[in-house]
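Q: Let's see this in three dimensions:
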Amino acid sequence: MVQVKLLPTPEQALALEATLRACNRAATYASQVAFARGLKDRNGLQKALYADLKATFGLSAQPVVRAVKKVVDAYATLKASLQAGSLGSPASKRYRRAVGTPIAFRPDAAQPFDDRCLSWQYDARTVSIWTVDRRMKGIRFACSPDQLKTLVAHRRGESDLVQRGTKWFLIATCDIPEPEVFEPADWIGVDRGIVNLATTSDGINYQGRRLGRYRRWQARKRAELQQKQTRSATRRLARRAQKEKHHATHVNHRISREIVFVAQRTGRGIAVEALGGIRERVRLRRDQRGTLSSWPFHQLGQHLAYKAKRAGVPFLEVDARHTSQRCPRCGHTERANRPTRDHFRCRRCGLVGPADVVAGVNVRDRARSAWVLVTAPAPSP
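A: Coordinates of the predicted model:
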């Protein structure tokens, strides 16, 4: 995906807003009909509503097709969520509300446009887009040179029109081929934690104290709002939760981008601990449970994995057991090797160092061994 910012004139912005609202009203109406008649297949729903949507909502042929597809896709997503148990058991309130009412679309929900409704003029950095008023030509957009290069080379299929407050964006689908993974000269071991979000085997430390202070401050504000028990407080709680989530995601993006850049520049792979099931394996004090449950361990690993894949950097997950208790020099493993959270001292050979850096080195060493096994040729029969 590539996101570009539109720079419409006031007249163009009014036309875009009217178009977005008309398309979402049409989609909500189509959803109500699909729910009442049990029409969840695209051909059947389009046949039943095509003429009605064109006449009632002022849409041309292709926007009607996109609105119907949006409805069908929404019900397919809902079905998958129900089957996966994401909305609870069939007896839960969320489940019953989801299956008991038709899907509704916000007036400003994103609307997909294909190449029949939207065309790009890359040299002029403008787009031409269908609206309920007329086809608007010459709407300027802004993006970086790298984004423009990606759009020209790899844009395929639909682009979503998105409104955020008074700002307008187009999110274009790009089919970017994955680069071939190179043979690593060595590995960067990454140890993830709470006090230090990430520590590499090179000794680079990404501290989590600032993010921890931010989250504790958000928790105090949430507690204050929860005590009020008003509708306004509930809305503000939801906004705070989203803001906190976006902040943590931004931090993880920044950390993973820097680690992948170093790995790509030095021709090395990236290795992390496999932390699946950590909540079941680790016993914590009550005051630590909320921190562990809300900390974005998994998200940081996901960001590292997909950014490494996009850059052609090898990526491995290795066994996480005793990485902070094992001496990387002599191999001695003992809990007493880590007398405090921050310090490591081997009881056998006397190696001393920061505990998180030692863990990163152990992760790196395990990746070296694992990569040999992964790339070893299969034995002949």
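
Q: Make sure I have this right: residue 197 is in a helix.
A: No: according to DSSP: H, G, I helix; E, B strand; the rest coil, the state of residue 197 is strand, so it is not within a helix.

Q: what's the neighbour count on it?
A: Residues lying near residue 197 (other CB atoms under 10 Å) number 24. Any C-beta I mention is one placed from the backbone N, CA and C, and that applies to glycine too.

Q: Test my guess that it contacts residue 256.
A: No: assessed by CB atoms under 8 Å, residue 197 is found out of contact with residue 256, at 10.3 Å.

Q: Common neighbours of these two, please.
A: Common neighbours of residue 197 and residue 256, using CB atoms under 8 Å, 6 or more residues apart in numbering, are residue 300.

Q: So which bits of the helix or strand where residue 308 lies are buried?
A: Using DSSP states H and E, residue 308 sits within helix 297-311. By 16 or more other CB atoms under 10 Å, the buried positions in helix 297-311 come out as 297, 299, 300, 301, 303, 304, 305, 307, 308, 311.

Q: could I get those residues as TSV with distance to residue 166 and pLDDT?
A: Shown next, in TSV, are the buried residues of helix 297-311 (distance: CB to CB, whole Å; pLDDT from 0 to 100):
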residue	distance to residue 166	pLDDT
297	36	70
299	30	85
300	33	88
301	36	89
303	30	92
304	35	93
305	36	92
307	31	93
308	37	93
311	35	90
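
Q: can you map out the strands along the stretch 251-381 of the chain?
A: Along the stretch 251-381 of the chain, counting by DSSP state E, counting those that start in this stretch, strands occupy 269-273, 315-318, 343-345, 352-354.

Q: For residue 32, which three-state class applies?
A: Of the three states, residue 32 takes helix under three-state DSSP.

Q: Could you find the closest non-adjacent residue to it?
A: Leaving aside its chain neighbours, residue 32 sits nearest to residue 102 (4.7 Å; criterion: CB to CB, 6 or more residues apart in numbering).

Q: so who does residue 274 touch?
A: Taking CB under 8 Å, 6+ apart, we find residue 274 in contact with 317, 318, 319, 320.

Q: The second one against residue 373, yeah?
A: Spelled out, that is residue 318. No: counting by CB under 8 Å, residue 318 sits too far from residue 373 to count as a contact (11.1 Å).
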